[in-house]
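Asker: Sequence below, structure please.
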Amino acid sequence: MKTILWTGIVLFNLSFCDSPPKKSEKKEEPITQQMKQQWENLFDGSDTDAWHLYNGDGEMSQDWYIEGENLVFRPVKGHSPQNIVTQAEYTNFELSLEWKISEAGNSGIFYGVIESDKYIEPYLTGPEIQVLDNERHEDAFIKPKYHQAGALYDMIQPRSEACKPAGEWNHLLLQVNHQTNKASVKLNGIEIVTYEPHGENWDALVRESKFKNLEAYNYVEAPDFGKFKTGKIGLQDHGNIVSYRNIKIREIQ
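Answerer: Here you go, the predicted model:
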């Protein structure tokens, strides 16, 4: 009798051990507010409705053209500056776009731009991510790295070489988040610049750059440079042919 009882206990334990474990419920990754935000097209090849001439009372510049699916700047000699900015303003965002510069060309991408009769150019308020032909344009040699493609212009140099030659498309991803006080530039998938977009470290960067005293560079003073957390995105007229495409933005909340 004891033998039968002991055998039953053993068989019961074996069957319990062999039974498949219950599947644990898979925990879903939390969806952040940033991930919930949808990309907003600023230019998808169809129209320029999201843009207008800087300080131009809502009118679009006559020197920017849609060619195929590209937004192309072709300067006309004698025209006043034809910088363009977005209709909307942004504070915390990710900006994604592709750019292609002409040989020996120069352009730039601004953020935090303010329109006012007080400011004659976007660079007087908005920091710039440089767009440049690193091989041919003189800016790439005047202040090496700090004026090269992908740099936070005159303030932070790229920490690695990621730019493609003139005539080829480069992808830029700019993230500016004043909530976390972090900003970054990725060029062709490589993070090349990181910085704090406001605060003491930012103020120190400004003091060490030409934006501390633009008068010394034969420009007007820029006391409000980089001080606005909210502003417009801008594309620069630097007198050279430049192309942009697939321009989109999403806000970070």
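
Asker: Which pLDDT value does the model give Lys212?
Answerer: If you check Lys212, the pLDDT there is 84.

Asker: Any chance of the backbone angles for it?
Answerer: Per-residue torsions, Lys212: phi -70, psi -40 (degrees, to the nearest 10).

Asker: so how far is Lys229 from it?
Answerer: 20 Å (CB to CB, to the nearest Å). Using the backbone N, CA and C atoms, a C-beta is placed for each residue, glycine as well.

Asker: can you check Asn55 too?
Answerer: Asn55 is 21 Å from Lys229, where distance means CB to CB.

Asker: same deal with Val242?
Answerer: From Val242 over to Lys229 the distance is 27 Å, taken as CB to CB.

Asker: more neighbours, those two?
Answerer: Neighbour count, other CB atoms under 10 Å: between Val242 and Lys229, Val242 has more, with 27 against 14.

Asker: which residues does the more buried one contact?
Answerer: Val72, Phe73, Trp99, Lys100, Ile101, Ser102, Gly105, Ser107, Val131, Leu235 (CB atoms under 8 Å, 6 or more residues apart in numbering).

Asker: Check Pro122 too.
Answerer: By CB under 8 Å, 6+ apart, the contact set of Pro122 is Tyr54, Asn83, Val85, Phe110, Val113, Gly234, Gln236.

Asker: where does the closest residue to Gly199 other than its chain neighbours land on pLDDT?
Answerer: Counting by CB to CB, 6 or more residues apart in numbering, Gly199 lies nearest to Asn181, which is 6.0 Å off, once chain neighbours are set aside. With respect to pLDDT, Asn181 scores 98.

Asker: what does the one 4 residues further on give?
Answerer: Listed pLDDT for Val185 reads 98.

Asker: Spatially nearest residue to it (excluding sequence neighbours)?
Answerer: Nearest one to Val185, counting by CB to CB, 6+ apart, is Val193 at 3.9 Å.

Asker: now do Ala104
Answerer: Nearest one to Ala104, counting by CB to CB, 6+ apart, is Arg136 at 4.1 Å.

Asker: so how far is Ile241 from the one you found?
Answerer: 13 Å.

Asker: where does the protein have low pLDDT?
Answerer: In the predicted model, the chain carries pLDDT under 70 at residues 1-36, 214-221.
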